[in-house]
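*Asks:* Attaching a predicted model along with its sequence, questions to come.
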Amino acid sequence: MTIVSAAPRMEAEVLVIGSGAGGATTAAVLAEAGLDVLVVEEGEWIAQGSIVPFSLEQMDRQYRAGGVTVALGLPSIAYTEGRCAGGGTEINSGLYRRPPADVIDRWTRDFQIADLDYDEVLTIAGEVEEALDVGTVPGPPTAPSDVLRRGAERLGWQHGEIPRWMKYTNGGSGVRQSMTRTYLPRAMTAGARIATGCRIDSLDMAGGSARSAATTLPDGRRGTIRFRDVFVCGGAIQSPALLQRSRIDGPIGRSLAVHPTVKLAARFADEVNVPDDVAVHQVKEFAPELSFGGSASQPGLVALALSDQWATFSKAITDWRRISLYYAAITSEGRGRVRTIRGVRDPIVTYGLTRRDRALLGSGLARLGLLMLEAGADEVYPSFRGAPIVRTPADLATMNRSFSAGKASVMTVHLCSTIPMGQDMTRCGADSFGRVHGTDNVWVNDASLLPTAPGVNPQGTVMAFAIRNARRFAAKEHRRG
Amino acid sequence: MVSVPPPSSFAGFGCRQLGRIVAPFADVLLSADFPDLPSDRRAEVVRFIERRAATVPSFTRFGVTVIGALYRMLMAAPGGDRIVCALAAMPIPVVGDYPRLVRSLGYAYIWDRWPDTTSTGGRP
């Protein structure tokens, strides 16, 4: 392992900014190709499994701004970003979906992505699945998963277990195969260095070339990193923000896409709460427009879900062991923006839901409520101000009448599309392999490149694209000699 | 060569003021929502809210400071605590997001830290 202290003056052939699903895979591919790679990560290296998943401590130590980040709008949409070695892979649900063929096909056509071979993407996806031990849970489903399965079967809705990157022991407990356990060690074994606690403030540009990066070190000192090429892999919010702070123009940060979600809490006769894990079943009857799944259900998060209508929901909190949280996620037609203002440290993020999005969130919540009742829920507590307690299907009609997206706690975890890839210069911030248009040596290789929200958990797609692009870069370097 | 200056001290905008604004408001809100929450626990929750509020991104911090200052002024008026609690219960766009943020942090902390707390904040 080569975790280095960030120094005021550093150098590398290739600088990789960010160490999540995009950055870690990029670093591994390039280091294994013999390039001198330095990964810079703003957060700390925290060993996977050393913090209780989905706890406030995890939010404090591994989330940006302690998890209190929001896309402004009516309603505002709460989102989370990882800020630690491994990025979002350390804190997400670990659910894996292959890149969907129809989505890739649409991206290729609509955004003019050159040389995008779906068979190549699938081959890479297969490698990722092997590297991350992607598989299903051995043995019976957990109680929150079984709720989704049971409800969907009673309604005749399509459902299934979503595999995830988890290595299971004989006892059945699993260890998440996040980037700090897989691609980052691989990169370091091949010679890559990683400096943690170091923020990249901007890239110093000369014409279309970046020659160095201005940094802030853990102790507050300023520094510089010189490089030949740079891969920006800070995620869909931080990557466009860095390019904007570096005065790089183009369609950057103008097309943020997310999967907005609304939630509810459901109380059952038996104990269903698994505080440190999430359900692995998803209901896909109405996909891709609408998907249902399970959310993290730590007691603190249960209280949070009930807090919108605390006056009538509060008594349920003492029963949190019999409560689990579920979400309805939509593919949104709305778009958001990431903007930076000179002298201001953090970007401002905005997102606007369309009328169709708002209606879909409402119908999604109603259908999710029905799913819970069919699964045997005694009571359902939808997360919006003025929501009624739902005990019967008739109550769902009342709920539907009182719902509006503006009163709901809308959240998202899947952020993408702020620097879409492709040859359509009017819409794409980067070319078909991630090089930022108008630059010689600035590459983006993370969720920002996905032209739209893919409608499924996106990490598998992000990793497959990042590996494809990094291999292309390495091959060109090899030819250059 | 285009050289971009590093982010200025705006990063620390309102950090000192924020504590003075958020803490009393959180205390009033939690006292009303959880009458049985022991004072030592309430103080711990308020400290957490204060700490977390200080780490929110620049623009959110700016908004929290401005809206929080308005609530703080209301609290200084006679019967201010009651007015503030009544206002915090109303779904006012943007302005209502501030009590919502404070509440969400407080509620999450209470049940993360003491999962068997009753709905009024008491010990089981």
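*Replies:* Sure thing, it's come through.

*Asks:* Please count neighbours and contacts with C-alpha atoms only from this point.
*Replies:* Fine.

*Asks:* so what's the backbone phi/psi at residue A:227?
*Replies:* Torsion angles at residue A:227 (phi, psi; degrees, to the nearest 10) stand at phi -160, psi 170.

*Asks:* Can you verify my assumption that it contacts residue A:14?
*Replies:* Yes. Taking contacts as Cα atoms under 8 Å, residue A:227 lies within contact range of residue A:14: 5.8 Å.

*Asks:* residues contacting the residue nearest the centre of chain B?
*Replies:* Nearest residue to the geometric centre of chain B (Cα atoms, centre = their mean): residue B:102, 3.6 Å. Neighbour list for residue B:102: B:26, B:49 [criterion: Cα atoms under 8 Å, 6 or more residues apart in numbering or on different chains].

*Asks:* which bits of the stretch 301-450 of chain A sit near chain B?
*Replies:* For the stretch 301-450 of chain A, the residues in contact with chain B (Cα under 8 Å from any Cα of the partner chain) are A:301-304, A:307, A:314-318, A:342-348, A:385, A:407.

*Asks:* Weed out the non-buried ones from the residues you listed.
*Replies:* By neighbour count, with 16 or more other Cα atoms under 10 Å in any protein chain shown, these hold A:301-304, A:307, A:314, A:316-318, A:344-348, A:385, A:407 as buried.

*Asks:* out of these, which are inside strands?
*Replies:* Counting by DSSP state E, these place residue A:348 in strands.

*Asks:* And for the closest residue to residue B:98 other than its chain neighbours, the neighbour number?
*Replies:* Of all residues not flanking residue B:98 in the chain, residue B:64 sits nearest, at 6.4 Å (Cα to Cα, 6 or more residues apart in numbering or on different chains). Residue B:64 is flanked by 25 other residues according to other Cα atoms under 10 Å in any protein chain shown.

*Asks:* any idea how far residue B:64 is from chain A?
*Replies:* As judged by Cα to the nearest Cα, to the nearest Å, residue B:64 and chain A stand 12 Å apart.

*Asks:* quick one, phi psi at that residue?
*Replies:* Torsion angles, degrees, to the nearest 10, at residue B:64: phi -60, psi -40.

*Asks:* Likewise for the one 4 residues further on?
*Replies:* Summarising the backbone geometry of residue B:68 under the convention degrees, to the nearest 10, its torsions are phi -60, psi -40.

*Asks:* my read: it touches residue B:22, true?
*Replies:* Yes. Using Cα under 8 Å, residue B:68 is in contact with residue B:22, at 6.5 Å.

*Asks:* Those two: which is more packed in?
*Replies:* Neighbours were counted for residue B:68 and for residue B:22 using other Cα under 10 Å; residue B:22 has more, 26 against 22.

*Asks:* List phi and psi for residue 118.
*Replies:* Just going to use chain A. Taking degrees, to the nearest 10, you get phi -60, psi -30 for the backbone angles of residue A:118.

*Asks:* those strands in chain B, which residues are they?
*Replies:* Under DSSP E, chain B gives no strands.

*Asks:* what about the closest residue to residue B:45 other than its chain neighbours, how many neighbours?
*Replies:* Leaving aside its sequence neighbours, residue B:45 sits nearest to residue B:106 (Cα to Cα, 6+ apart; 6.0 Å). Using other Cα under 10 Å, residue B:106 has 26 neighbouring residues.

*Asks:* repeat for residue A:364
*Replies:* Residues lying near residue A:364 (other Cα under 10 Å) number 25.

*Asks:* for the record, mean pLDDT for the host helix or strand of it?
*Replies:* Assigned by DSSP states H and E, residue A:364 belongs to helix A:355-374. Computed over helix A:355-374, the mean pLDDT rounds to 98.

*Asks:* Also stretch A:246-254?
*Replies:* On average, stretch A:246-254 scores 96.

*Asks:* So which residues make contact with it?
*Replies:* Taking contacts as Cα under 8 Å, 6+ apart, the residues outside stretch A:246-254 that touch it are A:202-205, A:237, A:240-241, A:243-244, A:335-339, A:418-419, A:425-429, A:437, B:4.

*Asks:* doesn't residue A:57 make contact with residue A:67?
*Replies:* No. In this structure, residue A:67 is not within contact of residue A:57 by Cα under 8 Å, at 10.6 Å.

*Asks:* name the helices or strands packed onto the helix or strand bottoming out on mean pLDDT in chain B?
*Replies:* Using mean pLDDT, DSSP states H and E, the weakest-scoring helix or strand in chain B turns out to be helix B:80-88, at a mean of 84. Counting contacts by 3 or more Cα pairs under 8 Å, 6 or more residues apart in numbering or on different chains; DSSP states H and E, helix B:80-88 packs against helix B:15-33, helix B:58-76.

*Asks:* What are the buried residues along the last one?
*Replies:* By neighbour count with 16+ other Cα under 10 Å, helix B:58-76 contains the buried residues B:58-62, B:64-69, B:71-72, B:74-75.

*Asks:* before we move on, what about the first one?
*Replies:* Using 16+ other Cα under 10 Å as the test for burial, helix B:15-33 gives B:15, B:18-31, B:33.

*Asks:* how much does that helix deviate in direction from helix B:80-88?
*Replies:* Here helix B:15-33 runs at an angle of 90 degrees relative to helix B:80-88 (axes from the mean of the first three to the mean of the last three Cα atoms, to 10 degrees).

*Asks:* check contacts around residue A:392.
*Replies:* Taking Cα under 8 Å, 6+ apart as the test, what residue A:392 contacts is residue A:373.

*Asks:* Let me know the distance separating it from chain B.
*Replies:* Noted for residue A:392: a distance of 24 Å to chain B, by Cα to the nearest Cα.

*Asks:* so where's chain A shaky on pLDDT?
*Replies:* A:1, A:170-172, A:481 (pLDDT under 70).

*Asks:* Okay, helices next: where are they in it?
*Replies:* Taking DSSP state H to define them, one finds helices in chain A at A:21-32, A:56-62, A:101-110, A:118-131, A:143-155, A:183-189, A:235-245, A:299-306, A:310-313, A:355-374, A:393-402, A:459-480.

*Asks:* orientation of the fourth one relative to helix A:459-480 in degrees?
*Replies:* Helix A:118-131 and helix A:459-480 meet at an angle of 110 degrees, taking the same axes, to 10 degrees as the criterion.
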